[in-house]
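Student: When you get a sec, could you give me coordinates for this:
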Amino acid sequence: MSTRLVALKPIPGTIAIAPGATFIELDAERAALWVQSGHARAECDVPIAEGWNGLDWKGATVAILASGPSLTVEQCDAIRAWRGAARGRYVIAINTTFRRAPWSDMLYACDGEWFRAVDKATGTRYIDEATGVMDRSRMWTQDKSAADAFGLHYIASDRAPGLSRDPRRINQGNNSGYQAINIAYHAGAKRMILLGFDCKPGHWHAPHPSPLSNRGPVDKWKRNFRGLAADLEREGIEVVNCSPGTALTAFKVQPLADALSR
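Tutor: Below is the predicted model:
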């Protein structure tokens, strides 16, 4: 019987397996030896309460800053002040939004090519620019090759609808912001504030370099978010979208000042 394991130490073999990687051991006795020796753990042993993957956000409010054209420096400054005013408040920056919020608790990018892409204006890879202002221990992705190449946190993902309640993985939704919401849920958040979730073409920053896309499937995103919103409501998670002029109405739309007053 095969066993799915997560490497805790380098696993020797024809193809070496690095710590943090998920692998399948076809030999049950060998799988047991990997666990007993401390080289690996069963994948299902990922904690689901406090300390999920090192994140202890139980009961917290999490602001997620995406890269839609409505995101402003003033909004990010307000979020930074709000975050520092009380405990139990966290921030996730999506992709290039780390530039406006390098103090975020997490940088999330689903696309491994984003980390490798070279910005036309600076001539610098995004991963190198981001590393200059924040530690890689705060960077996450669902792209295994990028996680291995750059030493990032990795979370497995599925092309499944709605919210993944499986603490070992997230659902994709074709969108980094969607995936960050699923991560915040796993980490224990009870409330989320969304900014830059416009569901409109473009970004607040200059266009991404090739091969990254600058025109996402916004209609598909809207459909995907509807299922996610319904699942979060059933879980008792409050989500408010504070992106001015947003086309995403799956979540309650609210002015940012009102959302931060609580």
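
Student: count of neighbours near T141?
Tutor: Using other C-beta atoms under 10 Å, T141 has 24 other residues around it. Quick note: C-beta positions are derived from backbone N, CA and C, even for glycine.

Student: Isn't it up against A149?
Tutor: No: here T141 lies out of contact with A149, judged by C-beta atoms under 8 Å, at a distance of 10.2 Å.

Student: any shared contact partners between those two?
Tutor: Residues within reach of T141 and of A149 at once, by C-beta atoms under 8 Å, 6 or more residues apart in numbering, are G112, F115.

Student: What strand or helix carries C76?
Tutor: helix 73-85 (DSSP states H and E).

Student: Which is the succeeding secondary structure element to that helix?
Tutor: strand 89-94.

Student: Which elements pack onto that next one?
Tutor: Applying 3 or more C-beta pairs under 8 Å, 6 or more residues apart in numbering; DSSP states H and E, we find strand 89-94 packed against strand 61-65, helix 73-85, strand 106-108, helix 176-187.

Student: Make TSV out of the ones you listed and add mean pLDDT, distance to G227 and mean neighbour count.
Tutor: Below are the helices and strands packed on strand 89-94 laid out as TSV (pLDDT from 0 to 100; distance: least, C-beta to C-beta, whole Å; neighbours: other C-beta atoms under 10 Å):
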stretch	mean pLDDT	distance to G227	mean neighbour count
strand 61-65	98	18	28
helix 73-85	97	27	16
strand 106-108	97	20	27
helix 176-187	96	10	25
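
Student: can you put the ones you listed in a markdown table and add distance to A93?
Tutor: Shown next, in a markdown table, are these (distance: least, C-beta to C-beta, whole Å):
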| stretch | distance to A93 |
| --- | --- |
| strand 61-65 | 5 |
| helix 73-85 | 9 |
| strand 106-108 | 5 |
| helix 176-187 | 9 |
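
Student: Nearest to S37, out of those?
Tutor: helix 176-187 (28.4 Å; C-beta to C-beta).

Student: Tell me the helix or strand right after the helix or strand where E113 lies.
Tutor: If you go by DSSP H and E, E113 is part of helix 112-116. Counting by DSSP H and E, the element after helix 112-116 in chain order, helix or strand, is helix 126-131.

Student: tell me the mean pLDDT over that following helix?
Tutor: For helix 126-131, the mean pLDDT works out to 95.

Student: repeat for stretch 42-55
Tutor: Stretch 42-55 shows a mean pLDDT of 61.

Student: Just the terminal-to-terminal distance for it.
Tutor: 20 Å (C-alpha to C-alpha, to the nearest Å).

Student: Now the helix holding C76 - C-alpha only, PDB.
Tutor: C-alpha atoms of helix 73-85 as PDB (Å, rounded to 0.1, in the frame of the first residue of the first chain):
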ATOM      1  CA  VAL A  73      -0.700  53.800  -1.300                       C
ATOM      2  CA  GLU A  74      -3.200  55.400   1.100                       C
ATOM      3  CA  GLN A  75      -5.100  52.200   1.500                       C
ATOM      4  CA  CYS A  76      -1.900  50.300   2.200                       C
ATOM      5  CA  ASP A  77      -0.800  52.900   4.700                       C
ATOM      6  CA  ALA A  78      -4.200  52.600   6.400                       C
ATOM      7  CA  ILE A  79      -3.800  48.800   6.600                       C
ATOM      8  CA  ARG A  80      -0.300  49.100   8.000                       C
ATOM      9  CA  ALA A  81      -1.600  51.400  10.800                       C
ATOM     10  CA  TRP A  82      -4.500  49.200  11.500                       C
ATOM     11  CA  ARG A  83      -2.300  46.100  11.700                       C
ATOM     12  CA  GLY A  84       0.000  47.700  14.200                       C
ATOM     13  CA  ALA A  85      -2.800  49.000  16.400                       C
END
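
Student: residues contacting the residue positioned nearest the centre of the chain?
Tutor: Closest to where the C-alpha atoms of the chain average out (C-alpha atoms, centre = their mean) is A180, at 3.4 Å. Residues near A180 by C-beta under 8 Å, 6+ apart: I64, I92, I94, M106, Y108.
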